[in-house]
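**Q** Okay, predicted coordinates and the sequence, questions at the end:
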Amino acid sequence: SSYFLLGENTEVTCLLRPWSFHFFFVVAMAPLFIKVWRINALVGSKHIRIKRISNRKAALATVPLIMIQFAILLIFTFVDPYKPTEHIENSNGAVVQHIVCETNTNAFFATVVVFEGMLVITGCTLAYQSRNLNDEYNEVR
């Protein structure tokens, strides 16, 4: 996991963790969504019509999703960044020190859950719509 490979919680690693997970989530998922959308648009329609969606157009369709995630991450990096916070607990005579990454509010969490949740719901909807396509478009053999 990218969370463990970055090392101890410092100012830099507390900022890199959300970037590494959330940004690359969208970078990985956006092309998959566009691919399924493209197949649905080309062969999933009940009406026969000639339609062309170039590779360039499909690739450019991923850019808005990636830019939205980039904007969310950039805004929260400056408005409410994750910072290392020290917690000291006394448990049965043993003192335990934890340094965790925390923000002042839950706004980042809520924003990312809504955006990425909408992406997942969209992906599930597209997958459901394409479930009955002809076997010649099936890549799972």
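**A** That came through, no problem. Bear in mind the structure is a predicted one, so any value in this text is a computation, not a measurement.

**Q** For the longest helix along the chain, buried residues please.
**A** Longest helix in the chain by number of residues (criterion: DSSP state H): helix 55-79. The neighbour-count criterion (16 or more other CB atoms under 10 Å) identifies 61, 62, 65, 69, 70, 72, 73, 76 as the buried residues of helix 55-79. Backbone N, C-alpha and C define where each C-beta goes, glycine included.

**Q** Name the nearest residue to the fourth one, sequence neighbours excluded.
**A** This points to residue 69. Distances taken as CB to CB, 6 or more residues apart in numbering put residue 26 closest to residue 69, at 4.1 Å, once the chain neighbours are dropped.

**Q** Now do the SS call for residue 95.
**A** Residue 95 falls in the strand class when you classify it by DSSP: H, G, I helix; E, B strand; the rest coil.

**Q** so what's it bridging to?
**A** residue 90 (DSSP bridges).

**Q** tell me the contacts of the residue lying farthest from the centre of the chain?
**A** When each C-alpha in the chain is compared with the mean C-alpha position (CA atoms, centre = their mean), residue 93 comes out farthest, at 42.3 Å. Residues counted as contacts of residue 93 (CB atoms under 8 Å, 6 or more residues apart in numbering): none.

**Q** okay, it: pLDDT?
**A** Model confidence at residue 93, given as pLDDT, is 81.

**Q** just residue 3 next, same as before
**A** 54.

**Q** Then residue 122?
**A** Looking at residue 122, its pLDDT is 90.

**Q** Next, the contact list for the residue nearest to residue 35 when sequence neighbours are not counted, please.
**A** In space, and not counting its chain neighbours, residue 35 is closest to residue 58: 7.3 Å by CB to CB, 6+ apart. Contact analysis of residue 58 by CB under 8 Å, 6+ apart lists 34, 35, 38.

**Q** I'm done for today, thanks for sticking with me.
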